[in-house]
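here is a sequence with its predicted model. Questions after.
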Amino acid sequence: MSVELLHYTRGKYVENIHRGDGVCVSVDGNIIGSVGNAHLPMFWRSAAKPFQLLQFVKMGGVEKYNLTQAELAILASSHSGENIHVETVTSILHKLGLTSEVLNCGSARPMSGKAFKELVKQNLKPSALHNPCSGKHSGIIALCQLLDIPIADYIKPDHPAQKIIHKIVAMSAGISEDELDIGIDGCGVPVFYLPLDKMAYAYARLMNAEEGNWGEYTEAAVKIRDAMCQNPLLVSGTGRIDKAVTELTGGRVLAKIGADAVYCLASREKKAGIAFKIEDGSYAAVTPAVIAMLKHFDFITEAEHAELLKMYPPVLKNHRGDIIGTIEAVF
């Protein structure tokens, strides 16, 4: 059963409560600790993206298409739609001999408010390139080209590329293909349904790829991990907690958001992964929950925790800028 994670106060009273579940799992698959239901089944959403890339990287796709490390990172991203993100995805498609018209993720407003305002100023509409999943879609399309299979209908569950991805994602989480159920994500591709502890296990393996029992996928896992850890701006965006955590820890901790407040973290030092889900799907609750989970499971130092609180103060302000309440972790 989900437990209370965050209290939002106004004055001396609790006004809002966000409940959720979280778990920390070691690279060998043992549960280190949990908050709420460690085995809660949930859609992995965009936090699954690094694992959807494994087959492409393992087969030499990075080398074949001469992708940079930054371009590899954006294939695993939920980017903010800033210029650097649009330009990087465009560069990948150019290397594939394609244009943005091939993307079937749908046009979407950039996650970055600043980027959206710039579009409005220029009287431009958001495109598929601004979609936070345009990198993932580019990676699936690249896999199709690498395998010489049709790009048409690449988003459908029965497409050959999606069947391969389904198999690899199940392997990454240490479960059978039959145990990995699917739905449809916001960008149109299959999204995976599995327990939180299996998500955390996959991230523990990714961050500690050399000892994660990846077999023939070890080198690919290392490349994906290193690309994400060394290019946090490409994986997320300006001002976001994903970028802040990875940068602040010098790549010692990897952070990756999924839609509707599912989130994954991984530590090299602790050789473990964390997965949590805010029950009501509140995006606003994600950042304080990330900071609280990192502290609770001892993924960061006291100094790093203090710096994150400085960057993202756990207070509520009104339109005048007055502090009128707090955000308190209660687990």
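Yep, that arrived. Residues are numbered from 1 along each chain as shown.

any stretches of the stretch 151-300 of the chain with poor pLDDT?
Across the stretch 151-300 of the chain, nothing is flagged by pLDDT under 70.

and the host helix or strand of His18, which strands flank it?
Using DSSP states H and E, His18 falls within strand 13-26. Strand pairing for strand 13-26, determined by DSSP bridges: strand 3-10 (antiparallel), strand 31-35 (antiparallel), strand 272-278 (antiparallel).

and the next element down the chain from the last one?
By that I understand strand 272-278. Taking DSSP H and E, what comes next after strand 272-278 is helix 286-296.

just the buried positions in the next helix or strand after that following helix, please.
Downstream of helix 286-296, the first helix or strand assigned by DSSP H and E is helix 302-311. The neighbour-count check on helix 302-311 (16 or more other C-beta atoms under 10 Å) flags 304-305, 308 as buried. For glycine as for every other residue, the C-beta is placed from the backbone atoms N, C-alpha and C.

got it, and stretch 213-227?
Buried residues in stretch 213-227 (16+ other C-beta under 10 Å): 214, 217-218, 220-225, 227.

now that stretch - C-alpha only, PDB.
Extracted in PDB, the C-alpha atoms of stretch 213-227 (Å, rounded to 0.1, in the frame of the first residue of the first chain):
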ATOM      1  CA  ASN A 213      25.900  -9.700 -15.600                       C
ATOM      2  CA  TRP A 214      25.000  -8.300 -19.000                       C
ATOM      3  CA  GLY A 215      26.900 -10.900 -21.000                       C
ATOM      4  CA  GLU A 216      27.200  -9.900 -24.600                       C
ATOM      5  CA  TYR A 217      25.400  -6.600 -23.800                       C
ATOM      6  CA  THR A 218      28.100  -5.400 -21.300                       C
ATOM      7  CA  GLU A 219      29.900  -3.100 -23.700                       C
ATOM      8  CA  ALA A 220      26.600  -1.600 -24.900                       C
ATOM      9  CA  ALA A 221      25.400  -1.000 -21.300                       C
ATOM     10  CA  VAL A 222      28.700   0.800 -20.500                       C
ATOM     11  CA  LYS A 223      28.400   3.000 -23.500                       C
ATOM     12  CA  ILE A 224      24.900   4.000 -22.700                       C
ATOM     13  CA  ARG A 225      25.700   4.700 -19.100                       C
ATOM     14  CA  ASP A 226      28.700   6.800 -19.800                       C
ATOM     15  CA  ALA A 227      26.900   8.800 -22.500                       C
END
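
so how far is that stretch from its chain's centroid?
17 Å (C-alpha atoms, centre = their mean, to the nearest Å).

helix, strand or coil: sort out Phe192 for me.
strand (DSSP: H, G, I helix; E, B strand; the rest coil).

pLDDT score assigned to the residue lying closest to it once chain neighbours are set aside?
Leaving aside its sequence neighbours, Phe192 sits nearest to Trp44 (C-beta to C-beta, 6 or more residues apart in numbering; 4.7 Å). Residue-level confidence at Trp44 comes out at 98, pLDDT.

Met1 now?
83.

and the helices in the protein, which stretches?
49-52, 54-58, 61-64, 69-75, 83-95, 113-121, 134-147, 160-173, 196-207, 218-230, 232-235, 241-248, 286-296, 302-311 (DSSP state H).

tell me what the third one is packed against?
Of the remaining helices and strands, those touching helix 61-64 by 3 or more C-beta pairs under 8 Å, 6 or more residues apart in numbering; DSSP states H and E are helix 134-147.

before we move on, the earlier item: for Gln69, state which of the buried residues of helix 302-311 is nearest.
Lowest distance from Gln69 to the buried residues of helix 302-311 (C-beta to C-beta) belongs to Glu304, with 24.6 Å.

contact partners for the closest one?
248-249, 294 (C-beta atoms under 8 Å, 6 or more residues apart in numbering).

one more: Arg205?
27, 172, 212-214, 221, 273 are the contacts of Arg205 under C-beta under 8 Å, 6+ apart.

Val3 now?
With C-beta under 8 Å, 6+ apart, Val3 has these contacts: 19-21, 35-36, 331.

most surrounded residue in these?
Gly20 (28 neighbours; other C-beta atoms under 10 Å).

quick check, that one in contact with Ala289.
Yes - the pair Gly20 / Ala289 is scored as a contact, 6.8 Å apart, by C-beta atoms under 8 Å.

so what's the residue count around the residue nearest to Phe192?
Count around Trp44 with other C-beta under 10 Å applied: 27.

what residues sit buried inside stretch 319-331?
Buried, per 16+ other C-beta under 10 Å, within stretch 319-331: 325-327, 329.

hmm, I was thinking of stretch 166-177
Buried, per 16+ other C-beta under 10 Å, within stretch 166-177: 166, 168-175.

just put the contacts of Glu304 in TSV and tack on neighbour count and distance to Ile74.
TSV is the format used below for the contacts of Glu304 (neighbours: other C-beta atoms under 10 Å; distance: C-beta to C-beta, whole Å):
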residue	neighbour count	distance to Ile74
Leu248	21	21
Thr249	21	21
Leu294	24	24
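
if anything else comes up later, I'll come back, but that's it for now.
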